[in-house]
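got a structure for you, letters missing:
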């Protein structure tokens, strides 16, 4: 599904974001990428959605080499990878329904399709009852679930969640992780970038630990190894 | 169906951009109006100066007075020779009777002159030739051509109603106005392009969150870029309509006033705009839309490259 071969990223003049990183994530896996600040987690996440390009090495997603992806092909890639960020990125003047349907509107989907897909994804994240509320009328966890719903509208093969629980309390964090597990159970590959020890340990899934841009550990049913 | 849906959405997003950034857009629209007005002022001044030059040139001629006893054959030789020259536009031969009738008409309010004429037994006036050149600069050549020995002996006198000083002055003013006007058009075009470019960048900045989300969820570059370009085009069309209205009001206001300066003759401005309405409107609309679209395209492109 996702194959990184000897990927390095150097920011001028000589700041190393990633160093010779090689990873293979299989379809349907739930992988946590952990590390301290500056370990390279976000650089890696940005590379997966072509927001950053590697200095060296190759990145392949679903058989598609995106190392030197053309600008016009990036939207196609982003419809195959759902993205969830810590800071939600919701439009405050749009309702839950409008925020989710927006992703389909800008992709040129028909009204009919939008009416089919939006209720479906809102149901997956448990927000079908709050479709007409505005983001400020929702809790942090609910807002993050809206973002997850929006990320799901294109039925992505991969869901990339970069610190999705960073702004949430324990209760909301658990809700979000449950939603991600549910999505993974439907068959999507989930890549969770986090430094939340409890989340990683509770998941009992594959854990890749980064430090200073290098993989220092890759365990099938791993734990959070870094010191607090 | 996909194309129709996308087109409708692009138009809807563009309209939203246009209304949401109305105040920023107002500055753009004003500069675009000034650009269009500068072009139209130049065109108007051009039309008026052309009409003025035409009027002046029309008044220039050479009148050749021939001796009263000149035989008709010589008169005809002079007329046909002058008419055959490529520099000549027209030659009118007034015979002696017509010359006398014109003289009497000109002096109908002067009884002394008329009485003196009556004292004479015969027509004291000879025939005359009124020669018009195709170009004002050809008159010296035509005057030289009157030295032709076939009929020069019959020439009693000649008058050259020389308006060349006035023509030169009008030509000089017209050239200066054109030059200054062209500089103004270039300046306004550059300002317009820069202002449109920056207003689109401000619009991008105010919508950075929405545009960022659009890109994040897989909106194509076209669906991000086209609404920005189209909202610029809406501004251009609005500026065109306002500028058109102002030009119309200016024409209606100034035409009667210019007509007085032209002694009731057509000053040419309104006629020029009416006769060339579709061409002028089409070219100006296309030019302003192209200018705005290019500036918007460049500004949006800079954002998309980030």
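Now that the structure is in, tell me what you want to look at. Everything quoted here is computed from the prediction, not taken from an experiment.

got the residues of the stretch 201-306 of chain B near chain A?
Counting by CB under 8 Å from any CB of the partner chain, the stretch 201-306 of chain B comes close to chain A at B:209-210, B:212-221, B:223, B:304-305. From N, CA and C alone the C-beta is placed, and that goes for glycine too.

over to residue A:17. Which of the three states is it?
Judged by DSSP: H, G, I helix; E, B strand; the rest coil, the three-state class of residue A:17 is strand.

quick check, it in contact with residue A:10.
Yes - between residue A:17 and residue A:10 there is a contact at 7.1 Å, judged by CB atoms under 8 Å.

neighbour-wise, which of the two wins?
residue A:17 (24 against 15; other CB atoms under 10 Å in any protein chain shown).

of all of the stretch 51-200 of chain B, which residue lies closest to chain A?
Using CB to the nearest CB, the closest approach of the stretch 51-200 of chain B to chain A is made by residue B:200 at 18.7 Å.

surely that residue is within a helix?
Yes - Residue B:200 sits within a helix when classified using three-state DSSP.

that one touches residue B:302, doesn't it?
No - using CB under 8 Å as the test, residue B:200 is too far from residue B:302 to be in contact (9.4 Å).

just want to know which of those two has more residues nearby.
The neighbour comparison of residue B:200 against residue B:302 (other CB under 10 Å) goes to residue B:200, with 29 against 13.

now that one, nearest residue through space, not along the chain?
residue B:299 (3.8 Å; CB to CB, 6 or more residues apart in numbering or on different chains).

contact partners for the one you found?
B:196, B:197, B:198, B:200, B:201, B:204, B:228 (CB atoms under 8 Å, 6 or more residues apart in numbering or on different chains).

and the last one, how many neighbours?
Counted by other CB under 10 Å, the residues lying close to residue B:228 total 24.

so, low pLDDT: which residues of the stretch 51-200 of chain B?
Along the stretch 51-200 of chain B, segments meeting pLDDT under 70 span B:161-164, B:167.

now the strands: where do they sit in it?
B:62-66, B:88-94, B:128-133, B:155-160 (DSSP state E, counting those that start in this stretch).

one more: chain A?
In chain A, the strands defined using DSSP state E lie at A:2-11, A:15-25, A:30-35, A:56-61, A:64-65, A:81-85, A:158-162, A:189-194, A:206-211, A:214-219.

may I see those strands organised as TSV, with distance to residue B:180 added?
What follows is these, written out as TSV (distance: least, CB to CB, whole Å):
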stretch	distance to residue B:180
strand A:2-11	53
strand A:15-25	56
strand A:30-35	66
strand A:56-61	59
strand A:64-65	59
strand A:81-85	56
strand A:158-162	59
strand A:189-194	63
strand A:206-211	67
strand A:214-219	68
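
please convert these to JSON lines, extending it with distance to chain B.
Below are those laid out as JSON lines (distance: least, CB to the nearest CB, whole Å):
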{"stretch": "strand A:2-11", "distance to chain B": "16"}
{"stretch": "strand A:15-25", "distance to chain B": "18"}
{"stretch": "strand A:30-35", "distance to chain B": "19"}
{"stretch": "strand A:56-61", "distance to chain B": "14"}
{"stretch": "strand A:64-65", "distance to chain B": "14"}
{"stretch": "strand A:81-85", "distance to chain B": "6"}
{"stretch": "strand A:158-162", "distance to chain B": "11"}
{"stretch": "strand A:189-194", "distance to chain B": "15"}
{"stretch": "strand A:206-211", "distance to chain B": "23"}
{"stretch": "strand A:214-219", "distance to chain B": "27"}
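
the ones you listed into JSON lines, with extra columns for mean pLDDT?
Output for the strands of chain A, formatted as JSON lines (pLDDT from 0 to 100):
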{"stretch": "strand A:2-11", "mean pLDDT": "95"}
{"stretch": "strand A:15-25", "mean pLDDT": "94"}
{"stretch": "strand A:30-35", "mean pLDDT": "94"}
{"stretch": "strand A:56-61", "mean pLDDT": "95"}
{"stretch": "strand A:64-65", "mean pLDDT": "92"}
{"stretch": "strand A:81-85", "mean pLDDT": "91"}
{"stretch": "strand A:158-162", "mean pLDDT": "94"}
{"stretch": "strand A:189-194", "mean pLDDT": "94"}
{"stretch": "strand A:206-211", "mean pLDDT": "94"}
{"stretch": "strand A:214-219", "mean pLDDT": "92"}
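
of those, which is nearest residue B:159?
Residue B:159 lies closest, by CB to CB, to one member of these: strand A:2-11, at 88.6 Å.

what pairs with that closest one, parallel or antiparallel?
Using DSSP bridges, strand A:2-11 pairs in its sheet with strand A:15-25 (antiparallel), strand A:56-61 (antiparallel).

so which of these gets nearest residue B:12?
strand A:56-61 (32.3 Å).

buried stuff in that closest one?
A:57, A:59, A:61 (16 or more other CB atoms under 10 Å in any protein chain shown).

surely residue A:177 touches residue A:200?
No - counting by CB under 8 Å, residue A:200 is not a contact partner of residue A:177; they are 9.9 Å apart.

quick one: low-confidence parts of chain A?
For chain A, residues meeting the criterion pLDDT under 70 lie at A:228.

contact partners for the residue nearest the centre of it?
With distances taken as CA atoms, centre = their mean, residue A:160 lies nearest the centre of chain A, 1.6 Å away. Contacts of residue A:160 were listed using CB under 8 Å, 6+ apart, and they are A:45, A:48, A:49, A:81, A:82, A:83, A:84, A:191, A:193.

make JSON lines out of the residues you listed and add distance to residue B:151.
Supplementary listing: the contacts of residue A:160 in JSON lines, determined by distance: CB to CB, whole Å:
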{"residue": "A:45", "distance to residue B:151": "101"}
{"residue": "A:48", "distance to residue B:151": "100"}
{"residue": "A:49", "distance to residue B:151": "96"}
{"residue": "A:81", "distance to residue B:151": "98"}
{"residue": "A:82", "distance to residue B:151": "100"}
{"residue": "A:83", "distance to residue B:151": "98"}
{"residue": "A:84", "distance to residue B:151": "103"}
{"residue": "A:191", "distance to residue B:151": "106"}
{"residue": "A:193", "distance to residue B:151": "106"}
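
who wins for neighbours among those?
That'd be residue A:82 among these, by other CB under 10 Å, with 29 neighbours.

so what's that one up against?
Residue A:82 makes contact with A:148, A:150, A:151, A:152, A:154, A:156, A:158, A:159, A:160, A:188 under the criterion CB under 8 Å, 6+ apart.

what's the nearest residue to the fifth one if we skip its chain neighbours?
On the basis of CB to CB, 6+ apart, the spatially nearest residue to residue A:154 that is not a chain neighbour turns out to be residue A:79, at 4.2 Å.

repeat that for the third one.
Distance criterion CB to CB, 6+ apart; nearest residue to residue A:151, sequence neighbours excluded, is residue A:82 at 3.0 Å.

on that earlier part again, lowest pLDDT pick from the residues of the stretch 201-306 of chain B next to chain A?
The member of these with the lowest pLDDT is residue B:305, and it reads 71.

okay, now residue 148: neighbour count?
Using chain A here. Neighbour tally, residue A:148, other CB under 10 Å: 24.

my bad, the chain I had in mind was chain B
13.

and the residue of chain B positioned farthest from its centre, what does it touch?
In chain B, the residue that sits farthest from the middle, by CA atoms, centre = their mean, is residue B:121; the gap is 54.6 Å. Contacts for residue B:121 (CB under 8 Å, 6+ apart) come out as none.

try residue A:117
Neighbours of residue A:117 in contact, by CB under 8 Å, 6+ apart: A:104, A:109, A:153.

of the residues you listed, which is the nearest to residue B:25?
Closest to residue B:25 out of these is residue A:104 (28.9 Å), distances taken as CB to CB.

which residue packs closest to that closest one, ignoring adjacent ones?
residue A:114 (4.8 Å).

so who does the one you found touch?
Residue A:114 sits in contact with A:101, A:104, A:105, where contact means CB under 8 Å, 6+ apart.

just checking, the first one touches residue A:120?
Spelled out, it's residue A:101. No - when contacts are counted by CB under 8 Å, residue A:101 is not listed as touching residue A:120 (11.9 Å).

which of those two has more neighbours?
Using other CB under 10 Å as the criterion, residue A:101 and residue A:120 rank with residue A:101 on top: 23 against 14.
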